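Asker: My questions are about this predicted structure, shown below with the sequence.
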Amino acid sequence: MKKRTLLISLIALGVSQAFAQTKNVTTVYMANSGDIVESKEKADFVRQILSPDPEVDKKTSTVLDFYMNGNKKLIAHTRDAGTSESLYGSYIEYFKDGNRKSIRNYKNGTLVGDAVFYYPNGQTYYTTNNNRIVQSFDANGNAIAENGNGKWIIYNDNFKVIAEGAIVNGKQNGEWTGFDEYGVKTTGVYKSGVFVSGNLFANDNKVYENCKDFDTQAAFRGGDEKLGDFLSRNTRHSKSIQSKNIDGSVLMNFIIEKDGSLSNIKVVKGISADVDAEAVRVLENSPKWQPGVLYGVARRVSYTLPISFSPESKLNPSETSPFYSQPFYSIPHTAPTYSSILK
């Protein structure tokens, strides 16, 4: 599954609404699920996107996350604040107590070069090179994989085991065992990192064999091109919008429910009241999406989408790709997941 990466934040004292915006900074209160929340009291962390400084780099925005206790959570950079594919340069994560969680680098959204991931106690968890596992360690610092061969254990953000198995040449190989956040057990057979077959031991006590659709990403039916067509056809450009010569994107966040309907539609970063309202209206009239599926069971998904407006009063479908839609854990994968299933 193509992975999407959660971006950025900073505590803004005195801000009580879901987000605040200045000329160069957008601040949003976030839950760990990836959903936008209404206030600081409901937030797990705060996210801020700093617009590019033309005197330093006209293309690169700075991405900052801070925990609610004020400690750093993430420092990253992006060449286009709308998409995870645009992550570019250094990307450093921290645990809540301030210890480092990971150090890595991206180019056009792809993990490149060497990366190091850590346990909360400061021990090295595993290392990668160009997204292949090189070394893996247990929490006591004992090596369980060297030179890409051995064992790898995957944890969630609370460091509860969600998958484990063998790796060969830095990729999953052989049988892996996993558990989702609800305790659902799966087994999967991998060959050079590719899922071949597997079983799901579901909550209904049934065993589902060879469930190749156990991890399906939520998406607009027909893909991004159809999504762009829908937005182009259904967006109304009032005289007020046209007179403002609008050229920019409204960043939206919403939940894709288990039946594919959209809920909790919110503006993350807007342009003006009438443009923002139009972006909300269009999504409220969206047809049902393809819901996210984990082990054959539909799940709720938090999704963020930029909707682009231009002076020609047309939407550019090429700019409607989402930057975040990662509601569940893959079993197993070659990069960590930073969100959880929405309940």
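Answerer: Alright, I've got the coordinates. In this text, all values refer to a predicted model and were calculated from it rather than measured experimentally.
Asker: Residue 163 touches residue 177, doesn't it?
Answerer: Yes: under the criterion of Cβ atoms under 8 Å, residue 163 is in contact with residue 177, at a separation of 6.9 Å. For the C-beta atoms, the positions are set from N, CA and C on the backbone; glycine is no exception.
Asker: Can you tell me the number of residues neighbouring the closest residue to residue 106 other than its chain neighbours?
Answerer: Taking Cβ to Cβ, 6 or more residues apart in numbering as the measure, residue 106 lies nearest to residue 87, with 3.9 Å between them; neighbours along the chain are not counted. Residues lying near residue 87 (other Cβ atoms under 10 Å) number 25.
Asker: beta partners for residue 87?
Answerer: With DSSP bridges applied, residue 87 shows beta-bridge pairing to residue 78.
Asker: next one: residue 185
Answerer: Under the criterion used (DSSP bridges), residue 185 bridges to residue 179, residue 201.
Asker: What is the neighbour count of it?
Answerer: 15.
Asker: Contact partners for it?
Answerer: The neighbours of residue 185, taking Cβ atoms under 8 Å, 6 or more residues apart in numbering as the test, are 177, 178, 179, 200, 201.
Asker: The residue nearest to residue 106 contacts residue 105, correct?
Answerer: No: using Cβ under 8 Å, residue 87 and residue 105 do not qualify as a contacting pair, with a distance of 9.2 Å.
Asker: circling back: between residue 163 and residue 177, which is the more surrounded one?
Answerer: In terms of neighbours (other Cβ under 10 Å), residue 163 is the more surrounded of residue 163 and residue 177; the figures are 22 against 16.
Asker: what are the bridge partners for the more buried one, then?
Answerer: Here residue 163 shows beta-bridge partners residue 154, residue 178, assigned using DSSP bridges.
Asker: What of residue 252?
Answerer: Here residue 252 sits in beta bridges with residue 267, residue 305, as judged by DSSP bridges.
Asker: what's the pLDDT at it?
Answerer: According to the model's per-residue confidence, residue 252 sits at a pLDDT of 87.
Asker: which ones are touching it?
Answerer: For residue 252, the contacting residues are 265, 266, 267, 268, 279, 280, 283, 304, 305, 306, 307, taking Cβ under 8 Å, 6+ apart as the criterion.
Asker: before we move on, what about residue 189?
Answerer: Going by Cβ under 8 Å, 6+ apart, residue 189 touches 174, 175, 176, 195, 196, 197, 198.
Asker: Please, which helix or strand holds it?
Answerer: Assigning secondary structure by DSSP states H and E places residue 189 in strand 185-191.
Asker: Report the buried residues of that strand.
Answerer: Across strand 185-191, burial judged by 16 or more other Cβ atoms under 10 Å covers 186, 187, 188, 189, 190.
Asker: Got the domain ranges for this protein?
Answerer: According to automatic domain parsing, the chain comprises the domains 1-108, 119-212, 223-319.
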